[in-house]
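>>> what follows is a predicted structure for the sequence shown.
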Amino acid sequence: MSISRRKFIQLSSLASASLMVPEFLKGFEYRQAPILNKSNKVLVVVQLSGGNDGLNTIIPYRNDIYYKSRPLIGIKRENALSLTDDIGINPSLKTVKQLYDEGHVSVINGVGYPHPDRSHFRSMDIWQSGSTAGDIVTSGWLGRYLDHACDDCNPHNAMAIEVDDTLSLAMKGEQGNAIAVRDINRFHQAATNPYFKKLSAHDDEHDTNLAAYLYKTVRQTVSAADYIYDQSKIYSSTQSYPDSQIGKRMKTIGSLIVSGSETQVYYVSHGSFDTHVNQADRQNRLFEQLDTALAALVGDLKQSGRFNDVLIMTFSEFGRRVSQNASNGTDHGTAGNMFFISGGLRKPGLYNDLPSLSDLDNGDLVYGTDFKQVYATVLDNWLQANSQDILRMKYEHLSFI
Amino acid sequence: MDLQQQNKLLYARAGFGISLGDYTNPQPVDQAVDRLFPKAVPGALEMITDQEWANNSPNALKEMDDDTERKEMRKAFNQRTKDMNLLWVQAMVDTSFPLLEKTALFWRGHFATRINNPYYDQKLLDAIRKNALGNFGDMLRAVSRSSAMLEFLNNRQNKKQHPNENFAREVMELFTLGRGHYTEDDIKEAARAFTGWSFDGNGNFIFRQKQHDAGEKKFLGKSGNFDGDDILNILLEQKQTAGFITQKIYRYFVSDEKIDEKRVKKLAADFYESKYDIAGLLRSIFTAEWFYKDDILSAKIKSPVELLVGYQRMIPMQFADHKTVLNVQRVLGQYLFNPPGVAGWPGGANWIDSSSLVTRMRLPEAFFKSKELDLSLKESDAEMAEAHHEPVTADSQPAKPFRVGRADADWSAYLAHWKEYKEEELPQAIAAYLLPGPLSRQQISQVVSFADKDSIEEYIKSLTILFMELPEFQLT
């Protein structure tokens, strides 16, 4: 059966079911929520937790300083997959290399921010909140995107999904939050048990503000759980996703996108890239897991004709120091690279030059692109939002999308 | 509000919930408030003795030549941070003075540190608990001299030639004045005054004269050859400090919702007059007429630790796996000794999103009915458990989902109490005890329709669990 047909049947069976319940019992709030934007663009954010080493991701294999700084962990020229005469990519990222050759990858190098913080937690907060190093902001850049994009709809139901059990700061807005779901079936089962379902029909007219807020959250959760569950039944992927954690999570994302879920933002974490010791083993293994998961996801997107509408973005809270340490690893550093994968890129390839290895700040790379410029570009050019409202500052755009 | 309701509200806010004993025998508010305050300064919660630290400190570890031994030591050390967490939670569960621990929890969020050093953490917690109900100025001075805070805010790197402003900035922004009541120049000048504030290998404060900038500083309109103590004193002279602290206290104990400016202003003025007597401020709040008005009911969302401790104080329980206590803190977003950032836990509505609310509502079944509740921790949360620079080995796996453990609950006292009631009175009476405000008749009958009526014991238990699963139970 074709996807559109199956979806049609699915939707009509839901519609008829909802006709039979009294109005106040309807938990299906998503019905009233307008689709956030008409361009149908989807953003998939992949967080590389722990600080991914950018220099062994995109490798300057003609640069002597690189090998001098990393006598034991530098990736040899013959092992790297060649992107240009001077630059290669980590050998575990085979699919990414292939997509790069097809013109579906854009790599932005030297991304960071002024006054870099080397604490995982603080730096991750800075990236997730989309703020400057001096500001403490308790909402996330994607959460605020939802706040702005969803002015008159019920924020936010299944508009933004983090495939996990807990919600990251990035996905928390000031008025509402995205939803975190690791396992759709289990979440559905938990959120829609008969008692909770009954509670979601509670009339909160006479409640205190906070009680009304909690009931509203219950209602949205139940309706989002129903919606996501229904969507997940529409399409089942024929791609073979790896059995790793990231593989399973990518599969969830792939099937929801192909099913035509209204979800605009997906968020998933992978790691830990905190490679203080024996970096090569760990980074390669994590990259292989990521690469095979991406291969299946992109396969799904291509097959369904959605690859042009979906932008996959990777980031990490910081890169690592230029010189290796005594344990064949690297310690916390500063700037790193970001990958953008999509069938609809404006400027694929290496977007900019790699940061200098000779002009360092205390042994660390000096950033060339503020990550908030990248966010602004994604918000304005991909999600058709107003980045100035969301990031509270005007940032110059890049031109990769 | 009748006396019983007043007592219930008082114990909910000043502690972790009212016991059935206190609920049955409510006291006049003045007397109940009197009983909240311990007569003596609390003893330390000690997990690591000074001697143990001396043997195992990073300095001692460096001297060890056996790698395996060092690794073992580090592991033991990680375990100690978790043990500290469990010890404090247990103290909250067992204490006869819940106000002390509840207030200490407030200050631990106000003076947030995240250093993964159990010994420094222990010392800072001790300083906070000793002063939690004492004098704010004393506490500010003790915290500012603590190894945990000096380490966390990089004041060891604050030297005459190379000032580091982190500590100076946060002392003003987070600890005393709040944003917008000082200039960037004030920060620079204060940073100069704090140069040389450091600590030794045993975590004891030392003043490094050679690193100190003894020159003249201009700070908040005053000038002099100020040192760190002078700066703290000038900050305490500012009425804004009393205002900032009082507002935060009000938010913590009274309401997540709109601040009543008039009340806060009056409380802050008295707080300043009293030279920062914290007990006095709390007493004023808990004896105020406005505190016992209906609009205060349900005006707070319980913090994860408050929720967890509340369960254990209400129905004595032993978790099958003590890691449950840690993991629940992590998934719900309040992991003691690991606040999300320098500003502590934001609290209020920030505690709640779809997933955290569903988890909260599923806890009673997991605790009391062995209903399975698998949750996974994020990589970053899993890493928190590791010491700051603990190497992550190549074979570490992504964090596995954990199961919220079953609790071995002792229902006997609880059941004995409710068995005195007539069956038809039970739903109303139990709801009134467990929930902050009244439920509608329709809500109660809905709950009853889900209850297990096999026996009176099962009925009481299932009503209790069902009420605990209501969103209202998350409020206080």
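Alright, I've got the coordinates. Treat the numbers as computed from the prediction; the structure is a model and nothing was measured. Numbers count the residues shown, from 1 in each chain, chains lettered A, B, ... in the order given.

>>> so which helix or strand takes in B:Glu365?
Here B:Glu365 is covered by helix B:354-369, with elements defined by DSSP states H and E.

>>> in that helix, what's buried?
Within helix B:354-369, the residues that count as buried by 16 or more other Cβ atoms under 10 Å in any protein chain shown are B:354-368. Just so you know, the C-beta spots here come from the backbone N, C-alpha and C atoms, and that holds for glycine as well.

>>> swap in stretch A:238-254?
A:239, A:241-242, A:244-247, A:249-254.

>>> how about stretch A:182-200?
Residues of stretch A:182-200 classed as buried by neighbour count (16+ other Cβ under 10 Å): A:182-184, A:187-188, A:190-193, A:195-200.

>>> for residue 105, what are its contacts?
No chain specified, so I'll use chain A. By Cβ atoms under 8 Å, 6 or more residues apart in numbering or on different chains, A:Val105 lies in contact with A:96, A:99, A:339-341, A:345, A:348-349.

>>> my bad, chain B
The contact partners of B:Leu105, taken as Cβ under 8 Å, 6+ apart, are B:92, B:303, B:305-306.

>>> do you know the pLDDT at the most centrally placed residue in chain A?
By Cα atoms, centre = their mean, chain A has its centre lying nearest to A:Val45, at 1.1 Å. Here, the pLDDT recorded for A:Val45 equals 98.

>>> ditto for A:Ala224
What the model reports as pLDDT for A:Ala224 is 91.

>>> just checking, next helix/strand downstream of the lowest-mean-pLDDT helix or strand in chain B?
The weakest-scoring helix or strand in chain B, judged by mean pLDDT, DSSP states H and E, is helix B:379-384 (a mean of 51). Remark: after helix B:379-384, the chain's next helix or strand is strand B:402-403, criterion DSSP H and E.

>>> number of nearby residues for the residue in the stretch 1-150 of chain B that chain A sits nearest to?
Of all residues in the stretch 1-150 of chain B, the one sitting closest to chain A is B:Arg114 (6.5 Å; Cβ to the nearest Cβ). When neighbours are counted by other Cβ atoms under 10 Å in any protein chain shown, B:Arg114 registers 20.

>>> for chain B, what's the longest helix?
helix B:67-94 (DSSP state H).

>>> what is that helix packed up against?
Counting contacts by 3 or more Cβ pairs under 8 Å, 6 or more residues apart in numbering or on different chains; DSSP states H and E, helix B:67-94 packs against helix B:50-56, helix B:58-63, helix B:98-110, helix B:118-131, helix B:304-314, helix B:323-332.

>>> of all those, which one is nearest B:Arg35?
Nearest to B:Arg35 among the helices and strands packed on helix B:67-94 is helix B:98-110; the distance by Cβ to Cβ comes to 9.3 Å.

>>> which single one of the buried residues of stretch A:238-254 is nearest to A:Leu379?
A:Ile253 (20.0 Å).

>>> contact residues of the stretch 201-350 of chain A facing chain B?
Neighbours of chain B within the stretch 201-350 of chain A, by Cβ under 8 Å from any Cβ of the partner chain: A:202, A:206, A:208-211, A:213-215, A:217-218, A:220-221, A:224, A:245, A:269-272, A:274-278, A:281-282, A:285, A:327, A:329.

>>> list the contacts of A:Gln283.
By Cβ under 8 Å, 6+ apart, the contact set of A:Gln283 is A:52-53, A:56, A:90, A:92, A:273, A:275.

>>> next, count neighbours for B:Ser96.
The number of residues near B:Ser96, taken as other Cβ under 10 Å, comes to 7.

>>> now it: which helix or strand?
Using DSSP H and E, B:Ser96 falls within no helix or strand.

>>> state the distance from it to B:Met47.
21 Å (Cβ to Cβ, to the nearest Å).

>>> likewise B:Arg141?
B:Arg141 sits 24 Å away from B:Met47, going by Cβ to Cβ.

>>> if you count what's nearby, which of those two comes out ahead?
The residue with more neighbours, out of B:Arg141 and B:Met47, is B:Met47; 21 against 18, by other Cβ under 10 Å.

>>> how about the contacts made by that one?
Residues near B:Met47 by Cβ under 8 Å, 6+ apart: B:80, B:83-84, B:87, B:118, B:122.

>>> could I get the helices and strands packed on helix B:67-94 as CSV with mean pLDDT?
Below are the helices and strands packed on helix B:67-94 laid out as CSV (pLDDT from 0 to 100):
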stretch, mean pLDDT
helix B:50-56, 81
helix B:58-63, 66
helix B:98-110, 98
helix B:118-131, 96
helix B:304-314, 97
helix B:323-332, 91
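
>>> rewinding a little: need the buried residues of stretch A:238-254 in TSV (columns: pLDDT and secondary structure).
Shown next, in TSV, are those (pLDDT from 0 to 100; DSSP: H, G, I helix; E, B strand; the rest coil):
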residue	pLDDT	secondary structure
A:Gln239	92	coil
A:Tyr241	96	coil
A:Pro242	95	coil
A:Ser244	92	coil
A:Gln245	91	helix
A:Ile246	95	helix
A:Gly247	96	helix
A:Arg249	95	helix
A:Met250	97	helix
A:Lys251	96	helix
A:Thr252	96	helix
A:Ile253	97	helix
A:Gly254	96	helix
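
>>> among those residues, which two are most distant?
Spanning the widest gap among these are A:Gln239 and A:Gln245, at 17.0 Å by Cβ to Cβ.

>>> out of the residues of the stretch 201-350 of chain A next to chain B, which are inside helices?
A:209-211, A:213-215, A:217-218, A:220-221, A:224, A:245, A:281-282, A:285.

>>> generate a ChimeraX selection restricted to the buried subset of those.
Provided next is the ChimeraX selection string for whichever of these are buried by 16+ other Cβ under 10 Å:
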select /A:210,211,213,214,215,217,218,220,221,224,245,282
